[in-house]
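Asks: Sharing a sequence plus its predicted fold:
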Amino acid sequence: MLLVWFYGVMVVGAVSRSVYQIATEFDRAPLAYSLSAVAGVVYGFITYTLIRGGERARRAAQVCCAAELAGVLIVGTWTLADPSAFPDATVWSDYGMGYVFIPVLLPLSALYWLRRNREVTR
């Protein structure tokens, strides 16, 4: 339940931030704001699959969490290697430092929980 709550909070944070930024200052940092919107959609789908439950939803959540983790690692590394590519931060910038590193810790926790949950139900 805690995992669902954290993902729900991240949905609200990422989506509201990206909608505001896209609506008011998209030309300033289109890549950063678009990536924040993508993060919000990914968080939303993961939240849905965790609530839905079932084996098929669990597998979908695993795939999305792995993609989320890859995104955090790629964008986090990119923002450190080439800060000029991101005039403004994304949800995944600096591995989620602006969100207390929750964006990098959340998929790791979710993947662990989903794997453990699968093993328990066998």
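Replies: Thanks, I have the structure now. Keep in mind the model is a prediction, meaning the values are calculated, not measured.
Asks: Skip ahead from the host helix or strand of residue 49 and say which helix or strand is next.
Replies: Assigned by DSSP states H and E, residue 49 belongs to helix 30-52. As assigned by DSSP H and E, the chain's next helix or strand after helix 30-52 is helix 55-81.
Asks: now for that next one, which elements pack on it?
Replies: Identification of packing neighbours for helix 55-81 by 3 or more CB pairs under 8 Å, 6 or more residues apart in numbering; DSSP states H and E yields helix 30-52, helix 102-121. Backbone N, C-alpha and C define where each C-beta goes, glycine included.
Asks: average model confidence for the first one?
Replies: Looking at helix 30-52 alone, the average pLDDT works out to 92.
Asks: Centroid-nearest residue for this structure?
Replies: In the chain, the residue lying closest to the centroid (CA atoms, centre = their mean) is residue 39, at 4.5 Å.
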